[in-house]
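>>> The following block contains a protein sequence and its predicted model.
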Amino acid sequence: MGQPGNDALIDFDRIDFTAHGRSAPVYRLGTGPAVVVLSEMPGITPRVADFARTVAGIGCTAVVPHLFGRDGHDPRAGRVPAVGFVASTVRAIVPACISSEFTVLATGKSSPIVTWLRALAAEEHERCGGPGVGAIGMCFTGGFALAMAADDRLIAPVLSQPSLPFAATPSRVRTIDVDTDDMRVVENRCARGDLSVLGLRFQGDRMSPSGRFAWLKERLGDAFTAVELPDASANPDAPGPPHSVLTEGLIDRPGEPTREALDQVLDFFRDRLLRT
């Protein structure tokens, strides 16, 4: 993890994408098949941007839509990094919780913004080519990547620490924010062998509890691969308990479990998007 500081995102091309009545910035980097990178709370932080750069580095186009927060802002850049991170997250999550674009108080429903994300993925597939599109959702957006896979063009969904806001009560553990019809399509694709899904979490993460991965395994069968890392493998400098596998919690050194998890994600994209 680098030193705190905002990221101007100057190496990304910025466009405004409009569909279904929503217009928002989208940042692109690289060439090759598209991978839609859905940021975790509190937004497109420098570490989310670095993950997108890593995706671009394997020969894919990283497509990073603005969903919430301040693009490029580093929540750890203040005098007390942990306090700054919490404050930035609260500033991002409160508007999201009251926005009609996100479904956060009910389970088993796809957020309305998924329709916009599918349109973005469809346009990027047309523009970038390749066998299909990849997507990764992180934390708050984890379920979005799975809901996007109700469209056959999405062939490589990754769920990194998929979480639902508020307490992980029993009714909210064995579920995710994907509605019944979308989930049925995803299950059928998995049963036919058309789709594989990769999930990542830290073993002690209460925001992304083990029961959610057990439920996904029951629903998706062998098509779902769960990567569950020991809490001790998380970056000790990350704010809060172990949670963000590929960003805040990443120790980017060979042999580190989080680096191996990152490599597994990149191999997943390579196998499904860059095969010849």
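Looks like it arrived, so ask away.

>>> Please count neighbours and contacts with C-alpha atoms only from this point.
Fine.

>>> list the buried ones in stretch 192-208?
Neighbour counts over stretch 192-208 (16 or more other Cα atoms under 10 Å) mark 195-208 as buried.

>>> Isn't Val246 up against Phe51?
No Val there; residue 246 is Leu. Yes - in terms of Cα atoms under 8 Å, Leu246 counts as a neighbour of Phe51; the distance is 7.2 Å.

>>> out of these two, which sits in the more crowded spot?
Using other Cα atoms under 10 Å, the more surrounded residue of Leu246 and Phe51 is Leu246, with 25 against 18.

>>> what's the closest non-adjacent residue to that one?
Nearest non-adjacent residue to Leu246, counting by Cα to Cα, 6 or more residues apart in numbering: Leu262, 6.2 Å away.

>>> Contact partners for Thr153?
That one is not Thr; residue 153 is Arg. Residues counted as contacts of Arg153 (Cα atoms under 8 Å, 6 or more residues apart in numbering) are 121-122, 125, 131-133.

>>> Of those, keep whichever come out buried.
When those are checked for burial by 16+ other Cα under 10 Å, the buried set is 121-122, 125, 131-133.

>>> What is the neighbour count of the residue nearest to Leu246?
Residues lying near Leu262 (other Cα under 10 Å) number 22.

>>> my read is it is in a helix, agree?
Yes - counting by DSSP: H, G, I helix; E, B strand; the rest coil, Leu262 is located in a helix.

>>> My read is that it contacts Ser244, right?
No - if you go by Cα under 8 Å, Leu262 and Ser244 don't touch, sitting 11.5 Å apart.

>>> What segments of the stretch 1-150 of the chain are helices?
For the stretch 1-150 of the chain, the helices defined by DSSP state H, counting those that start in this stretch occupy 46-57, 81-98, 113-128, 142-148.

>>> Where among these is average confidence lowest?
Here the lowest mean pLDDT among the helices of the stretch 1-150 of the chain goes to helix 81-98, at a mean of 50.

>>> Under the pLDDT cut-off, which ranges of the stretch 101-250 of the chain? List them.
101-110, 165-171 (pLDDT under 70).

>>> Could you report the separation of Ile136 from Asn6?
For Ile136, the distance to Asn6 (Cα to Cα, to the nearest Å) stands at 23 Å.

>>> Compare the two (neighbour count), which wins?
Of the pair Ile136 and Asn6, Ile136 is the one with more neighbours under other Cα under 10 Å, namely 23 against 15.

>>> tell me the phi and psi of the nearest residue to that one once chain neighbours are set aside?
With sequence-adjacent residues excluded and distances taken as Cα to Cα, 6+ apart, Ile136 is closest to Val158, at 4.5 Å. Per-residue torsions, Val158: phi -120, psi 130 (degrees, to the nearest 10).

>>> Hmm, Val158 is touching Leu198, no?
Yes - the pair Val158 / Leu198 is scored as a contact, 4.8 Å apart, by Cα under 8 Å.

>>> Next, show the common contact partners of the two.
With Cα under 8 Å, 6+ apart as the test, Val158 and Leu198 both reach Val265.

>>> Quick check: the closest residue to Leu9 other than its chain neighbours vs Thr180, distance?
Excluding its sequence neighbours, the residue lying closest to Leu9 (Cα to Cα, 6+ apart) is Gly72, at 6.4 Å. Look at Gly72 and Thr180: by Cα to Cα, they are 35 Å apart.
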